[in-house]
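Asker: after the sequence you'll find the predicted model.
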Protein chains: 2
Amino acid sequence: MHAEPRPIEHQQAEAKQLESSFKVACSNCNLRELCLPVGLSTDEMQQLDGMVASRKKIKQGGHLYSSGDAFTMLYAIRTGFFKTCVVSEDGREQVTGFQMAGEIIGLDGIVSDKHNCNAIALEDAEVCVMPFNHVEDLSRQIPMLQRHVHKIMSREIVRENGVMMLLANMRAEERLAAFLLNLLQRLHARGYSKSELILRMTREEIGSYLGMKLETVSRTFSKFSEEGIIEVKQKNIRILDHDKLKAIFNASTC
Amino acid sequence: MHAEPRPIEHQQAEAKQLESSFKVACSNCNLRELCLPVGLSTDEMQQLDGMVASRKKIKQGGHLYSSGDAFTMLYAIRTGFFKTCVVSEDGREQVTGFQMAGEIIGLDGIVSDKHNCNAIALEDAEVCVMPFNHVEDLSRQIPMLQRHVHKIMSREIVRENGVMMLLANMRAEERLAAFLLNLLQRLHARGYSKSELILRMTREEIGSYLGMKLETVSRTFSKFSEEGIIEVKQKNIRILDHDKLKAIFNASTC
DNA sequence: CGTGGCATTGATATCATTCAAGATCTGTGG
DNA sequence: CCACAGATCTTGAATGATATCAATGCCACG
C-alpha cells in the first residue's frame, strides 16, 4: 500500500514548509476516500485537516486502548491491522472484529465515556488520533461530515448484524467462507489481490471471531484445501475457486 | 411486556387530558428520560418537540419497516414491543434484537439509505416518527442532542458486541439466563417487576436471537423450572431465584 | 368446540469440541 | 550458521452438546 506522490509543486513546497503539520493532513492522505466523506469543498477539506491531532505508532501486540480506559479519541488506521475484543468477567475472550487501513476504531467508547473493548495491533501499525470532541465540533459545522460519522456507526451496527447471523445460523464451513470473502473484499477495495491474502491473525483469533475452536478452523482450512478451493500455507491463503467459496457461503443445503 | 401496570396515576391522568394537544410533545412524554438527553434547557426542550413529526400505530405482526425500504426516519417506541431481524439470501432469519418502549429503532438504515432489516411489532405498538434529516439538523444546533445520538448508536454497537460474545462462547443455559436477565433489567428500568415478566416473543424467536433451536429453548426453560430457578407458564415467567440465574450467566465452569 | 399455532418432551443423529500427540514455523542466542 | 525453545498449526479419536425428527399436549380464537 504505497502513497502516490501528488505531482503538484505548490503542495510540495508547502509540504516542506509545514513539515510537521503536513504530516497529519487528511487532504493529502491516500486513504481519504475510505476515511472521509467525498465531495467536500476545499474549505471544508482544510477544516478537516485539523481533525487529526497527531499520529501514533503501535507495535505488534500493543494495545491501542484497553477496556476501561477513558474514551476521548477515535482512531483512523493508517497502516497495520487490528483486532478488537471484549473479555467477559470469567476471562473468556471474544474477538469482535478485525480492522484494517482506512477503518475507524474506538466507537465502542462513546456510550459510557470509557472503552468497552481492547484494540490490539496484529502487526506494527500507525493510527491517526482524532479527539472525539473535535470530531463532534466539526460535525456540527460540516453536515457532510456529520452524515459520514453517522454512516460509519451505522455500518458497524449492520456489520455486527451480519456476524450475529453468521454465529447463530451458519456451520463452520460457511463461517470460514464468509470470513475469507469478507477479508478479500475489503483488501480488494484497498488495491490488493482478490485471490491471495496473508492472514494477520492466528487460528485461535479467527476461531474466536467465528465462534469455533482453533482446531475446527484448522480442519476447515484443510477441508477447503483438499477440495481445491484454496491453498493454505500457514498464514498465506491463495484462492483457487472463488465461486465455490461463494457457493459454500450461500448454501444452506450443503 | 408488563408484569405490573405502572401505578403512577398522575401521569395517566395527564396523558388522557393532553392526549390531542400534546400528542407529539417530547417535553411532556413520560419516556423522555429514556429517549432524550437529560439536562436540556427549556428552550432546547421546546426545539426538541419539533423532532417528532408524527406518531404511528403498528398492529401486532405488522412491519414498521422492511429490509430494502428507503430510510428516512428513526422511530422512538412509545408503547409495544418489536423485534428486528435480518433475512439471508437463502431465507434464514436472524432476530438481531428485541426493542421496547423508549428505545430507538431504525439506525441500521443510515449507512445505505435503505433499511437492512425488518422491524416487526410483537404486540400492538405506537412509535414516534422522527425524520432523520431533522434529527441531524437539531443535532448540529444542540450539542447535547448530538452527543445523545452518538451514544445511542455506540450503545447498540456495544450491545451487539455482547451478543457476539454470547453466541460465540456461551452454552444454551448461559444464553437463556443472559437473555432473561437483560429483559428483566430493561423492564425494571421502566418500572416493572424484577421477578416477573411476560414474553412477547415465541420460543422460536428467542431461539433465533440466541442461536439455538426452539426445542432447546423449551428444554432449557424446563430445566430452569425443575431446578427451581424460574416458574414457566407459557409466556409468563416468574423468577424464583435471581441469584442462581446470575450464577448461571457468570459461570463458565458449570 | 374444533382448528391451528405454539410449546413440550423423547429418541436419535450430527457437528463441533475436547484431549492428545506430533509437526512446523519463528525468533534468539551461541 | 545452526540449534533450540516456544508458539502456532495440523491431525486423529473419543466425547458431548445441540439439532433433528417425531409425537403429543396445550391454549387462544374464531
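Answerer: Cool, got the structure. Numbering: from 1, shown residues only, chains lettered A, B, ... in the order given.
Asker: use CA for all of it now, contacts and neighbours both
Answerer: Fine.
Asker: how about the strands in chain A?
Answerer: For chain A, the strands defined by DSSP state E occupy A:54-58, A:63-65, A:73-79, A:81-87, A:93-100, A:104-105, A:118-121, A:125-131, A:196-198, A:230-233, A:236-239.
Asker: between these, which gets nearest to DNA strand D?
Answerer: When the strands of chain A are compared by C-alpha to the nearest atom of the strand, strand A:230-233 sits nearest DNA strand D, at 6.1 Å.
Asker: what about the closest residue to DNA strand D within the stretch 1-150 of chain A, how many neighbours?
Answerer: Closest residue of the stretch 1-150 of chain A to DNA strand D, C-alpha to the nearest atom of the strand: A:Gly61 (9.5 Å). A:Gly61: 15 surrounding residues under other C-alpha atoms under 10 Å in any protein chain shown.
Asker: quickly list what A:Thr84 is bridged to.
Answerer: For A:Thr84, the beta-bridge partners are A:Gly97, A:Ala119 (DSSP bridges).
Asker: again with A:Lys56
Answerer: Assessed by DSSP bridges, A:Lys56 has beta-bridge partners A:Val127.
Asker: count of neighbours near it?
Answerer: Neighbours of A:Lys56 using other C-alpha under 10 Å come to 14.
Asker: cool, A:Leu210 as well?
Answerer: Residues near A:Leu210, counting by other C-alpha under 10 Å, number 30.
Asker: just checking, it touches A:Glu174?
Answerer: No: contact criterion C-alpha atoms under 8 Å: A:Leu210 and A:Glu174 do not qualify, at 10.1 Å.
Asker: any weak-confidence spans in chain A?
Answerer: A:1-24, A:251-254 (pLDDT under 70).
Asker: just want the most central residue of it.
Answerer: Compute the mean C-alpha point of chain A, and by C-alpha atoms, centre = their mean the closest residue is A:Gln99, 2.2 Å away.
Asker: which one is that residue nearest to, not counting chain neighbours?
Answerer: Nearest residue to A:Gln99 in three dimensions, chain neighbours excluded: A:Phe82, at 5.0 Å (C-alpha to C-alpha, 6 or more residues apart in numbering or on different chains).
Asker: now A:Ala125: how far from chain B?
Answerer: According to C-alpha to the nearest C-alpha, to the nearest Å, A:Ala125 stands 24 Å off from chain B.
Asker: from A:Lys223, how far out is that residue?
Answerer: Note on A:Ala125: its distance to A:Lys223, by C-alpha to C-alpha, to the nearest Å, is 33 Å.
Asker: out of the two, which sits in the busier spot?
Answerer: Set A:Ala125 next to A:Lys223 and count neighbours by other C-alpha under 10 Å: A:Ala125 wins out with 23 against 14.
Asker: residues touching the more buried one, list them.
Answerer: Shown in contact with A:Ala125 (C-alpha atoms under 8 Å, 6 or more residues apart in numbering or on different chains): A:Lys57, A:Ile58, A:Lys59, A:Gln60, A:Ile77, A:Arg78, A:Thr79, A:Gly80, A:Phe81.
Asker: how much space between the first one and DNA strand C?
Answerer: Pointing back at A:Lys57 there. 18 Å (C-alpha to the nearest atom of the strand, to the nearest Å).
Asker: surely that residue meets A:Cys128?
Answerer: No: using C-alpha under 8 Å, A:Lys57 is not in contact with A:Cys128; the gap is 9.1 Å.
Asker: between those two, tell me which one has more neighbours.
Answerer: Neighbour count, other C-alpha under 10 Å: between A:Lys57 and A:Cys128, A:Cys128 has more, with 24 against 16.
Asker: how about the more buried one, nearest residue that isn't a chain neighbour?
Answerer: Using C-alpha to C-alpha, 6+ apart, the nearest residue to A:Cys128 is A:Arg55, at 4.6 Å.
Asker: out of the contacts of A:Ala125, which end up buried?
Answerer: Buried residues within the contacts of A:Ala125, counting neighbours by 16 or more other C-alpha atoms under 10 Å in any protein chain shown: A:Lys57, A:Ile58, A:Ile77, A:Arg78, A:Thr79, A:Gly80, A:Phe81.
Asker: related to what we said a few turns ago, and which of the contacts of A:Ala125 is nearest DNA strand C?
Answerer: Closest approach to DNA strand C among the contacts of A:Ala125 (C-alpha to the nearest atom of the strand): A:Gln60, at 10.5 Å.
Asker: list the contacts of that closest one.
Answerer: A:Gln60 is in contact with A:Ile120, A:Ala121, A:Leu122, A:Glu123, A:Asp124, A:Ala125, counting by C-alpha under 8 Å, 6+ apart.
Asker: do the same with A:Cys26
Answerer: Each residue near A:Cys26 by C-alpha under 8 Å, 6+ apart is listed here: A:Arg32, A:Met45, A:Leu48, A:Asp49, A:Val52.
Asker: quick one: the nearest residue to A:Val87 once chain neighbours are set aside from DNA strand C, how far?
Answerer: Computed as C-alpha to C-alpha, 6+ apart, the closest residue to A:Val87 that is not its neighbour in sequence is A:Glu93, at 4.4 Å. Noted for A:Glu93: a distance of 13 Å to DNA strand C, by C-alpha to the nearest atom of the strand.
Asker: A:Glu93 against A:Val86, yeah?
Answerer: Yes: A:Glu93 lies in contact with A:Val86 (C-alpha under 8 Å); the separation is 5.9 Å.
Asker: touching, the residue nearest to A:Gln99 and A:Ala101? I think so.
Answerer: No: between A:Phe82 and A:Ala101 there is no contact under C-alpha under 8 Å: 9.2 Å.
Asker: neighbour count for the two, which is higher?
Answerer: A:Phe82 (30 against 22).
Asker: what about that one, distance to A:Arg200?
Answerer: Going from A:Phe82 to A:Arg200 by C-alpha to C-alpha gives 9 Å.
Asker: now do the shared contacts for the two.
Answerer: Taking C-alpha under 8 Å, 6+ apart as the criterion, A:Phe82 and A:Arg200 both touch A:Leu122, A:Glu123.
Asker: who in the stretch 1-150 of chain A is up against chain B?
Answerer: Counting by C-alpha under 8 Å from any C-alpha of the partner chain, the residues of the stretch 1-150 of chain A close to chain B are A:86, A:89-90, A:92-94, A:96, A:107-112, A:116, A:136, A:139-141, A:146-147, A:150.
Asker: quick one on the thing from earlier: residues in contact with the residue nearest to the centre of chain A?
Answerer: Residues in contact with A:Gln99 (C-alpha under 8 Å, 6+ apart) are A:Ile77, A:Phe81, A:Phe82, A:Lys83, A:Thr84, A:Ile105.
Asker: which two among those residues are spaced furthest apart?
Answerer: Greatest spacing in the contacts of A:Gln99, by C-alpha to C-alpha: A:Ile77 and A:Thr84 (12.9 Å).
Asker: still on that earlier bit, quick check: neighbours shared by A:Glu93 and A:Val86?
Answerer: In contact with both A:Glu93 and A:Val86: B:Met165, using C-alpha under 8 Å, 6+ apart.
Asker: between those two, which one's more packed in?
Answerer: Using other C-alpha under 10 Å, the more surrounded residue of A:Glu93 and A:Val86 is A:Val86, with 23 against 17.
Asker: the more buried one is in contact with A:Val95, isn't it?
Answerer: Yes: the pair A:Val86 / A:Val95 is scored as a contact, 6.5 Å apart, by C-alpha under 8 Å.
Asker: how about the helices in the stretch 1-150 of chain A?
Answerer: With DSSP state H, counting those that start in this stretch as the criterion, the stretch 1-150 of chain A has helices at A:9-17, A:19-22, A:32-35, A:42-49, A:132-141, A:143-169.
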